[in-house]
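> Output the structure for:
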Amino acid sequence: QVQLVESGGGLVQAGGSLRLSCAASGRTFGSYAMGWFRQAPGKEREFIATISQSGGSTVYADSVKGRFTISRANAKNTMYLQMSSLRPEDTAVYYCAARRGIATVQSADYGSWGQGTQVTVSS
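Below is the predicted model:
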């Protein structure tokens with residue numbers, strides 16, 4: 001299992017930007033498909049974006065398409081989520097996740113999770 005640590009969360013005004021990072025341990029980061037999910041209070045965990053092992057394939061939730069960009073740097077064992085045009089409804093704890101095999105949008109498919117980083121967007 002790969003160990004994951006998110007960073008970069010914080011408080012931002014609506015319309016602002018943040019970049020989240022997900023640092024992975026080990027030497028096999030490039031063999032994992034990666035995903036970002038989020039969970040707001042009282043709501044279920046929600047898929048945000050996923051990226052293939054090479055970074056050549058990405059999928060986004062409709063709610064963030066055109067505003068968020070997922071990317072990865074395999075040489076740095078790190079994945080990113082660039083978030084722009086943030087809205088109050090983007091407020092949540094953001095998690096990164098890893099899985100062997102193809103990138104999917106289902107949280108149940110991911111076996112490794114980070115501890116989460118809080119993103120709060122004020123209106």
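> Going by C-alpha atoms from here, please, whenever you check contacts or count neighbours.
Fine.
> Could you list every helix and strand that the helix or strand hosting residue 121 packs against?
Using DSSP states H and E, residue 121 sits in strand 117-122. Helices and strands touching strand 117-122, as assessed by 3 or more Cα pairs under 8 Å, 6 or more residues apart in numbering; DSSP states H and E, comprise strand 10-13, strand 92-100.
> What pairs with the last one, parallel or antiparallel?
It stands for strand 92-100. On the basis of DSSP bridges, the sheet neighbours of strand 92-100 come out as strand 32-39 (antiparallel), strand 112-113 (antiparallel), strand 117-122 (antiparallel).
> and that strand, average pLDDT?
In this model, strand 92-100 has a mean pLDDT of 97.
> Residues touching it, excluding its own?
Here strand 92-100 makes contact (Cα atoms under 8 Å, 6 or more residues apart in numbering) with 2, 4-6, 22, 31-41, 109-120.
> let's see it at 6 Å
Residues external to strand 92-100 that are found in contact with it (Cα atoms under 6 Å, 6 or more residues apart in numbering): 32-40, 110-114, 116-119.
> Also stretch 23-39?
The contact list for stretch 23-39, computed with Cα under 6 Å, 6+ apart, reads 2-5, 45-53, 74, 77-78, 92-100, 103.
> Okay, strands next: where are they in this structure?
For the chain, the strands defined by DSSP state E cover 4-7, 10-13, 18-24, 32-39, 46-51, 58-60, 68-73, 78-83, 92-100, 112-113, 117-122.
> Need the ones you listed in CSV (columns: mean neighbour count).
Putting the strands of the chain into CSV (neighbours: other Cα atoms under 10 Å) gives the following:
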stretch, mean neighbour count
strand 4-7, 20
strand 10-13, 15
strand 18-24, 21
strand 32-39, 24
strand 46-51, 24
strand 58-60, 18
strand 68-73, 20
strand 78-83, 20
strand 92-100, 24
strand 112-113, 19
strand 117-122, 20
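> I appreciate the help and will end here.
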